[in-house]
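Student: sequence and predicted structure below; questions after.
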Protein chains: 2
Amino acid sequence: MSNPTPPWQTLSEIIAAENRVALTSFIDTLSSSETARVISRLSEEEQLKLFSILSPEDAADVIEDIPEAQAADLVEDMPSAQAAAIMEELSSDHLVDVLGEMDEGASKAILAKMDQEDAEEARMLLEYAPDCAGGLMISEFLVYKIDNTIQDVIDDLQANREEYVDYHVQYFYVVDRNEKLAGVLRMHDLLFPAREKKLTEVMIPSPLSVFDKASLKELEEFFDEHHFFGVPVVDDGQRLVGVLLPDAIEEALSHKKTKTFLRLSGIIGGEEFRTMPLLSRSGRRLSWLSLNIVLNIIAASVIALYQDTLAAVITLAVFLPMVSDMSGCSGNQAVAVSMRELSLGRVRTGELLWVLAKEARLGIITGLVLGLLLGGVAFLWKGNPWLGLVVGGALAANTLVSVSLGGMLPLVLKRLKLDPALVSSPLLTTVTDMCGFFFVLSFAAAVLPKLAGM
Amino acid sequence: MSNPTPPWQTLSEIIAAENRVALTSFIDTLSSSETARVISRLSEEEQLKLFSILSPEDAADVIEDIPEAQAADLVEDMPSAQAAAIMEELSSDHLVDVLGEMDEGASKAILAKMDQEDAEEARMLLEYAPDCAGGLMISEFLVYKIDNTIQDVIDDLQANREEYVDYHVQYFYVVDRNEKLAGVLRMHDLLFPAREKKLTEVMIPSPLSVFDKASLKELEEFFDEHHFFGVPVVDDGQRLVGVLLPDAIEEALSHKKTKTFLRLSGIIGGEEFRTMPLLSRSGRRLSWLSLNIVLNIIAASVIALYQDTLAAVITLAVFLPMVSDMSGCSGNQAVAVSMRELSLGRVRTGELLWVLAKEARLGIITGLVLGLLLGGVAFLWKGNPWLGLVVGGALAANTLVSVSLGGMLPLVLKRLKLDPALVSSPLLTTVTDMCGFFFVLSFAAAVLPKLAGM
């Protein structure tokens, strides 16, 4: 499937030759995602050399194609004057994303070398948490004064049409003398004939706005409610500070989901790419896995306690991992449904009893079905109905526990301000392992004479 | 945390009284997500009654607030004339989403009762796969003929401004006599003084467009490459059929991620809500869990094979689930990283060896660290270095296997056109269980005299 010469080899040769023209035109032939992939396969040295060969404009285009975390790592390693020249070419949202991923010292050094005005704006945007309105808004919007006329706006648009071409121009914003938001104009309001009219006469006065500190959840609800193409963002003093577009919300939500998915799979501390250094990847994965060792030891201690029962009925050893694994799967289904319902706002953290009622009933049904199946297998294998009863009963009981617990856990964790995506799964596995081992071995201990010697 | 009277109880009383005015104003007080939550807590009968009391316009507003799958279930249960009246009030994308969730008989019956033109358009849109350009585009856009003048456009905009208020008007589209896409106009192109100019003189000719059959992946790449506010969608004959907005892509990608997350957690066959009927929820969850029983039996059969070794060294039973669980976690991390890199296009399905090289090195390091930890625990517990060696060695070996396999599995499955989100996790668990049991028990069998009687 791979080409005879992979593109990163070609790129690597062009970089070694330090040929700016060839480099620029080679990168132009790649799509954004290919650029990211190809560059990620170069050595760190080659990557740095690549950026020193490119012009700041072209370098900025490449930076926008690379995942933020990697872009930040690269920019940190550049001389700060070179970094500043490139960063000045980024759009405000990209700039803030990359600076936000860097450690504070490095980002300060770069901001100090940047154009005063750009740096000031970036510092203001960096103050905001990345997932609030201030962190998600754009600064490229059109704003006019309350005493402007339609003609003033049209003149400005025509004078600056090239600069405005990438602006969000679905709406224009009108502010008063104190920069406070006074109104919103839709583009087609300008097409009316009376060009001498003041904006106050055609604008929508006291428009809806969101606070710069508004949370992602609040913003999601806002756009659910109002199908706007954008909403003005104001600070505590009602001053207009930016514009928030619905796709910024979609993107932030999508990022959040990715994070959730990675955390639930045990990738913590941000995204991992295979092009990151081996030791840092190993360290990050181990930080999670070593916690798991402790939880596993706790769960397995139940087996240690019942070692005698197990020695008497060694067949049970076959069923121990089956009962705990199966229940773990059932519980994870319930965790996923709860996380989804929480994120949709269909359930609140206080509604534990409602979730319990829903999941317990389901746990009884699925537990009975699975218990009958596995108990039947155990019975048929060894011809001992008591073995079937112990194994099937343990699976049924453990399924009920794990489904009920799995459903409630995300609600409880969220209420305790813990990250459900991070804690639900290992906690659930530990409990279902412990309970599964306990049910199998204690049920067996209770009917030991019927089982002994198997 | 819950109110003294939950809102669904109030709603239920208003419905029983069949009071349209009270009902409409009560729903108006709820936000979109609250509406969805409150209605989901009503009985199915009450929900149907609610929609028969509301006017079709208000009913349509409520339908837009409910998840598509549930909306489709409700609409299916309505008399088709009532359903058609409500569906006519939906915007084209919502309409198609809801119809798409219904079975074909029901959606045909409703389309037959709908306004001819709306039904025709919906049928056309339903032809498209939901995740291609045709399935994601909107039909509310502005299109003009190639011989129109700027004045014609302005006249049309002013005549129909109320109708166009929710349209996507960042761009206007220009078509020739055969409805073929000829050009694109930006809103501010209209603000130029010369109103008698023909559109052909100011438009961007032969603009970029996407095919109606373009896949989500292609569309994602398109918008990565071009920061457009929208792109025209054309059919095979270059005829303009719709407009695709970047947030439709974001939303589709976000849906896909949710599906992936749910599948990896064992929720298959679409989203589950706790308000769905108990038996259908149980059935869907069981369809997944019963497959797991089979996989678990396969894995556990390794223990059955080594029953004698285990009977001789019963302490090993404590370590069996630990070794397999720990490796399962390590492997899942690698699965998550691969799924993420695949979805970003940073790795291709053919690059198995590259992934293997990256993961095997990481597997050796993490395996050694974890093996030392768990082997150390085993040694300290029983004071037998051979036990530590068996347990630690087994964990190290199994970690290497599971991390390498976990990294490659999503690539292989994707290449085989299987859904990695559905198959990776259970397959990996089965293999890591089997190998874990095998490593512990076969290593122990090899040094049995040193361990016997523990």
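Tutor: That came through, no problem.
Student: and the gap between the most centrally placed residue in chain A and A:R348?
Tutor: Centroid check for chain A by CA atoms, centre = their mean gives A:K256 as the closest residue, at 2.6 Å. For A:K256, the distance to A:R348 equals 19 Å [CB to CB, to the nearest Å]. From N, CA and C alone the C-beta is placed, and that goes for glycine too.
Student: kindly report the same for A:V401.
Tutor: 24 Å.
Student: the two - which one has more neighbours?
Tutor: A:V401 (23 against 16; other CB atoms under 10 Å in any protein chain shown).
Student: excluding its backbone neighbours, what's nearest that one?
Tutor: A:C435 (5.2 Å; CB to CB, 6 or more residues apart in numbering or on different chains).
Student: quick one: the one you found and A:L400 touch, right?
Tutor: No. Applying CB atoms under 8 Å, one finds A:C435 not in contact with A:L400, separated by 9.9 Å.
Student: burial count for the one residue in the stretch 301-450 of chain A that gets nearest to chain B?
Tutor: Distances between the stretch 301-450 of chain A and chain B by CB to the nearest CB are smallest at A:G350, namely 2.5 Å. A:G350: 12 surrounding residues under other CB under 10 Å.
Student: before we move on, what about A:N19?
Tutor: For A:N19, the neighbour count with other CB under 10 Å is 14.
Student: state the distance from it to B:D28.
Tutor: For A:N19, the distance to B:D28 - CB to CB - is 66 Å.
Student: repeat that for A:E162.
Tutor: 45 Å.
Student: so for those two, which residue has more residues nearby?
Tutor: The neighbour comparison of A:E162 against B:D28 (other CB under 10 Å) goes to B:D28, with 10 against 7.
Student: surely the residue nearest to the centre of chain A is in contact with A:K217?
Tutor: No. Between A:K256 and A:K217 there is no contact, the gap being 10.1 Å when judged by CB under 8 Å.
Student: not counting sequence-adjacent ones, nearest residue to A:S52?
Tutor: A:Q82 (6.6 Å).
Student: kindly report the same for A:G407.
Tutor: Spatial nearest neighbour of A:G407, excluding adjacent residues (CB to CB, 6+ apart): A:E359 at 3.6 Å.
Student: OK, contacts around the one you found?
Tutor: A:A334, A:V403, A:S404, A:G406, A:G407, A:M408, B:R274 (CB atoms under 8 Å, 6 or more residues apart in numbering or on different chains).
Student: ditto for A:V143
Tutor: A:V143 makes contact with A:F172, A:Y173, A:V174, A:V175, A:L240 under the criterion CB under 8 Å, 6+ apart.
Student: from those residues, pick the one nearest chain B.
Tutor: Out of those, the member with the shortest distance to chain B (by CB to the nearest CB) is A:F172, at 11.0 Å.
Student: tally of neighbours for that closest one?
Tutor: By other CB under 10 Å, 23 other residues sit near A:F172.
Student: specify the beta-bridge partners of it.
Tutor: Counting by DSSP bridges, A:F172 forms beta bridges with A:L185.
Student: just to revisit the earlier point, do I have it right that the residue nearest to A:S52 meets A:L54?
Tutor: No. In this structure A:Q82 lies outside contact range of A:L54 using CB under 8 Å: 10.4 Å.
Student: which parts of the stretch 351-454 of chain A are helices?
Tutor: Taking DSSP state H, counting those that start in this stretch to define them, one finds helices in the stretch 351-454 of chain A at A:352-382, A:385-415, A:420-446, A:448-451.
Student: so which of these comes closest to A:R37?
Tutor: With CB to CB as the measure, helix A:420-446 is the member of these nearest A:R37 (27.3 Å).
Student: what's the neighbour count on the residue lying closest to A:S290 once chain neighbours are set aside?
Tutor: Counting by CB to CB, 6+ apart, A:S290 lies nearest to B:L373, which is 6.5 Å off, once chain neighbours are set aside. When neighbours are defined as other CB under 10 Å, B:L373 has 19 of them.
Student: B:L373 contacts A:L289, doesn't it?
Tutor: No. Judged on CB under 8 Å, B:L373 makes no contact with A:L289 at a distance of 9.2 Å.
Student: intersection of neighbour lists for these two?
Tutor: In contact with both B:L373 and A:L289: no residue, using CB under 8 Å, 6+ apart.
Student: show me which positions of the helix or strand hosting A:K49 end up buried.
Tutor: Using DSSP states H and E, A:K49 maps to helix A:44-53. For helix A:44-53, burial by neighbour count (16 or more other CB atoms under 10 Å in any protein chain shown) applies to A:Q47, A:L48, A:K49, A:L50, A:F51, A:I53.
Student: so after it, what's the next helix or strand?
Tutor: Trace forward from helix A:44-53 with DSSP H and E and the next one is helix A:56-65.
Student: for that following helix, packing partners?
Tutor: If contacts are counted by 3 or more CB pairs under 8 Å, 6 or more residues apart in numbering or on different chains; DSSP states H and E, helix A:56-65 sits against helix A:20-28, helix A:32-40, helix A:44-53, helix A:68-77, helix A:80-87, helix A:92-101.
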